[in-house]
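Engineer: Fold the following and give me the result.
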Amino acid sequence: MLRNSEFLAAAYGKLRADYDYGWTTAFASDPNKAQPGVWSGNPYGGTDNEKAVLDQRQEDNTYFCVSVLYSRDGIKRRTNETFGRLAVLIADDADPDAILGKVSYKLQTSPNSVQIGMLLDPEDKDTQNLPLIKAVLQKMADDKLISADNNGNNPVRYARLPVGSNTKARPDGIFTTKMLKCDFKDVYSLADAAAVFGIKLEDIRTNLGKAKAQEDIKAGTGDASQLYKDIINPDLSQRSYHDALLKISSSMVASGMHRGAVVNHLRSIMVASKPAVPGPDLDRWMVRTGPDLIRMVETAGKFAPEDKPAPNPFPKLVMSMEQLKERTANVDWVVNGVIPQDAMMCLFGASQTFKSFVALSAALHICSGLEWMGLRTKQGPVVYVAAEGGGGIYRRAAAWAKTHLDQEFAPGFNICITPLNLTIQEEMTSLRMDIAEMPVPPCLIVLDTMSQLFGGGDENDATQISEFFRAVNQHLRAPFNCTVMIIHHTGYNVDAANRPRGSSAIAANLDTLLSVQRSDPEVLACKMTVAKMKDGERPEQPYYFDMESVDLGVNQHGERQSSLVAKFSDKAREAAENLKSGKYSSMVLRMLDSGEPVTTHEMRTEAKPLGGDNPDNVRRAINRVLMKLKAAKKIYEKSPDVWVIER
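Structural biologist: Next comes the predicted model:
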């Protein structure tokens, strides 16, 4: 089956890095109701990542720009100002039986509509002539072959890609586009492609030349209509051929009209005004209609628009440090340094470790634009799919809003409490289309928990896990360019307690892993660590949360309600650090208790089990303890890095 990336390779041809590009967009919502933002789309350069993302969007409306665009000053946009050349001439709803020749493809875009396209030769200079392209497309709009763009952006309009869905509301539901015919062996000139739709390009060119002549651009002075009157003046003694023909031909050539077409156009006017009686007037007419006319048009060639310089066919290999900095500074964050933007991630922990409270805290801080754990957040709507324990999500969110906002609800927080099975395509599509109806796309989607949303899938099967993540990525992350956070459990045995439960493919397929642990079952507190950070520097320090009970008043039955709220705790972190320092202090004093000198190196070696696998943590902890004990006059430095106990 033809893939969208293969179609674009044929339509756009070879795109040159840092110079020209295509444009695509894809979204799930009904095109007739879609918000303007979903139509904005993105540049398409044919990279492997762009191909992979586009080819996954089979359930969405998928569109491409019919023209190749050229960046201006490094800025990429889809406007007439960045128009480079028309890549495909398309009729949106043409009668296949009225087509006058061979076509590149026929695509059924709805039960009653067929899109017909002609791939254009990139070497044909007519495809780069924006005024000519506009005139051709306006003619097609007049003939009801395309829908005219009221803003005059027909040259950079969207057309449907061959693989996708038409989600416009209709009684029989979503329509899957179907390629009826496809033949990309040949490419066509603009003239041949237009002829297929019954349009004569030379007629368009002539009419365009006339319009330009009337504007009299680059042709000197005088009203254009007066120039024609000078040629056809019934009073032969008042006729003026030379100046009028020179100015009109200059104007037409300046508009991009082919010189041969200019000669034919002006000769037709001259023939229509030929003097009927032999004599000096007829002789003068014959001179201007013959070699003089051709010579004038050739002289007007200096007004012809310059050809675009041939682009460098090779990608840019060398860059400055400033360009490198700009290119590598692409990691953006929903929560600075902890939750990356446009990523797939997992927050995992054992049962009763408060992982859902921590995830909810992150989500509510983000949609409210508040710092989380003292870190900057990127404000935006959040969708929280509460498939596990959905009944209590209202109380939890209300308790947070009361504590942090002194109001009932957090703005931009959206909840789904339907127990979905996202391995079923219809349920995944239903969720995606519901989200697509939001006025502003979400920046974060939380799936709580994976075990519920994964249905009857086998968490230990790497293939099933990869397929599930691929579906989540295709239907939820990519369409909205958001981050998806999946809440998951840890394994049951001790060895598996520090990783997500199930196949190792879970960790391998995700960009970020956050681990939540609860050290004391009697204490309402937990610790979160960043276990994996694919892009960006992984924070080493843990983050601590206390669970605070918030009184929500009484319900309609007179029963008092409350809920826990995860509150970031600097005090908990300090207590943990003091406890850790106490362990190091005890170890140092124990080593020095014999009265024998002990070196700093020996202390660090002995302390390795306390610091885990990070020698920097051990080094800093030992240095901090030594300075504290020295200040307390419990030890002293006998010689550099050699310590003894005070007696």
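Engineer: Point out where the stretch 451-600 of the chain drops to low pLDDT.
Structural biologist: Within the stretch 451-600 of the chain, the stretches with pLDDT under 70 are 492-497, 571-581.
Engineer: Which residue ranges of it form helices?
Structural biologist: Under the criterion DSSP state H, counting those that start in this stretch, the stretch 451-600 of the chain carries helices at the ranges 462-472, 478-480, 505-508, 570-592, 600-606.
Engineer: and those helices, which is most packed in?
Structural biologist: helix 478-480 (a mean of 23; mean count of other CB atoms under 10 Å). For glycine as for every other residue, the C-beta is placed from the backbone atoms N, C-alpha and C.
Engineer: which other residues reach that helix?
Structural biologist: Residues outside helix 478-480 that contact it (CB atoms under 8 Å, 6 or more residues apart in numbering): 26-28, 53, 56-57, 60, 432, 435-436, 441-442, 445.
Engineer: looking at the residues you listed, which has the most residues close by?
Structural biologist: Ranked by the number of neighbours (other CB atoms under 10 Å), those place Asp60 first, at 27 neighbours.
Engineer: quick one: the strands in the stretch 51-200 of the chain?
Structural biologist: Using DSSP state E, counting those that start in this stretch, the strands found in the stretch 51-200 of the chain span residues 61-65, 67-70, 83-86, 88-91, 105-110, 113-119, 158-160, 165-166, 175-176, 178-182.
Engineer: name the helices or strands packed onto the last one?
Structural biologist: Other elements packing on strand 178-182 under the criterion 3 or more CB pairs under 8 Å, 6 or more residues apart in numbering; DSSP states H and E are strand 105-110.
Engineer: before we move on, the earlier item: between the contacts of helix 478-480, which sits nearest Val523?
Structural biologist: Of all these, Val523 sits closest to Ile445, with 31.4 Å by CB to CB.
Engineer: Let's see the pLDDT reported for the residue lying closest to Gln452 once chain neighbours are set aside.
Structural biologist: Nearest residue to Gln452 in three dimensions, chain neighbours excluded: Ala387, at 3.9 Å (CB to CB, 6 or more residues apart in numbering). We have a pLDDT of 81 for Ala387.
Engineer: for the one 3 residues further on, same thing?
Structural biologist: With respect to pLDDT, Gly390 has a value of 60.
Engineer: what does the one 4 residues further on give?
Structural biologist: In the predicted model, Tyr394 carries a pLDDT score of 88.
Engineer: what sits against it?
Structural biologist: Residues in contact with Tyr394 (CB under 8 Å, 6+ apart) are Ile415.
Engineer: Give me the secondary structure label for it.
Structural biologist: Classification of Tyr394 using DSSP: H, G, I helix; E, B strand; the rest coil returns helix.
Engineer: Please tell me how far it sits from Lys402.
Structural biologist: Using CB to CB, to the nearest Å, we find Tyr394 at a distance of 12 Å from Lys402.
Engineer: so the residue nearest to Gln452 makes contact with Phe454?
Structural biologist: No: at 9.7 Å, Ala387 and Phe454 do not qualify as touching, with contact defined as CB atoms under 8 Å.
Engineer: Start and end of stretch 378-394, how far apart?
Structural biologist: Stretch 378-394 has its terminal residues 23 Å apart, counting by CA to CA, to the nearest Å.
Engineer: where are the low-confidence patches of the stretch 151-300 of the chain?
Structural biologist: For the stretch 151-300 of the chain (pLDDT under 70), the answer is 151, 209-224.
Engineer: And the helices in it?
Structural biologist: Using DSSP H, counting those that start in this stretch, helices in the stretch 151-300 of the chain cover 190-196, 201-215, 224-232, 242-254, 259-272, 280-289, 291-299.
Engineer: Check which residues of the fourth one are buried.
Structural biologist: With burial defined by 16 or more other CB atoms under 10 Å, the residues of helix 242-254 counted as buried are 244-254.
Engineer: which among these gets closest to Lys33?
Structural biologist: Ala254 (45.0 Å).
Engineer: Return the distance of the closest one relative to Leu208.
Structural biologist: Counting by CB to CB - Ala254 and Leu208 are separated by 12 Å.
Engineer: cool, and Ala272?
Structural biologist: Using CB to CB, Ala272 is found at 20 Å from Leu208.
Engineer: Have a look at these two and say which one is more surrounded.
Structural biologist: Leu208 (21 against 9).
Engineer: Identify the residues contacting that one.
Structural biologist: Listed by CB under 8 Å, 6+ apart, the contact set of Leu208 reads 131-132, 135, 255-257.
Engineer: can you pick the most crowded of those residues?
Structural biologist: Counting neighbours by other CB under 10 Å, Met257 leads the contacts of Leu208 with 27 neighbours.
Engineer: Isn't that residue up against Thr206?
Structural biologist: Yes: if you go by CB under 8 Å, Met257 and Thr206 touch, sitting 7.5 Å apart.
Engineer: between the helices of the stretch 451-600 of the chain, which gets nearest to Arg160?
Structural biologist: Smallest distance to Arg160 across the helices of the stretch 451-600 of the chain (CB to CB): 16.4 Å, for helix 478-480.
Engineer: Could you check how far that closest one is from the centre of its chain?
Structural biologist: 8 Å (CA atoms, centre = their mean, to the nearest Å).
Engineer: and if you look at stretch 264-276?
Structural biologist: 57 Å.
Engineer: Give me the contacts around that stretch.
Structural biologist: Residues outside stretch 264-276 that contact it (CB under 8 Å, 6+ apart): 206, 209-210, 228, 231-232, 236, 239, 241, 245, 248-249, 252, 281-282, 285, 288-289, 293, 297.
Engineer: Just the buried ones from the residues you listed, in PyMOL syntax?
Structural biologist: Restricted to buried positions by 16+ other CB under 10 Å, the PyMOL selection for the contacts of stretch 264-276 reads:
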select buried, resi 206+209+210+228+231+236+239+241+245+248+249+252+285+288+289+293+297
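Engineer: tell me the contacts of the residue nearest to Gln452?
Structural biologist: For Ala387, the contacting residues are 417-420, 447-449, 452-453, by CB under 8 Å, 6+ apart.
Engineer: For those, pick the one with the most neighbours.
Structural biologist: Leu447 (27 neighbours).
Engineer: tell me the SS of it?
Structural biologist: strand.
Engineer: wait, it sits on Leu453?
Structural biologist: Yes: here Leu447 reaches Leu453: they are 5.4 Å apart, a contact under CB under 8 Å.
Engineer: hey, what's in contact with both of these two?
Structural biologist: Both Leu447 and Leu453 are contacted by 385, 387, 422, under the criterion CB under 8 Å, 6+ apart.
Engineer: between the residues you listed, which is closest to Gly502?
Structural biologist: Among the shared contacts of Leu447 and Leu453, and counting by CB to CB, the member closest to Gly502 is Leu422, at 15.6 Å.
Engineer: Give the burial count for that closest one, as a bare number.
Structural biologist: When neighbours are counted by other CB under 10 Å, Leu422 comes out with 23.
Engineer: Contact partners for it?
Structural biologist: Residues near Leu422 by CB under 8 Å, 6+ apart: 428, 431, 447, 453-455, 468, 471-472.
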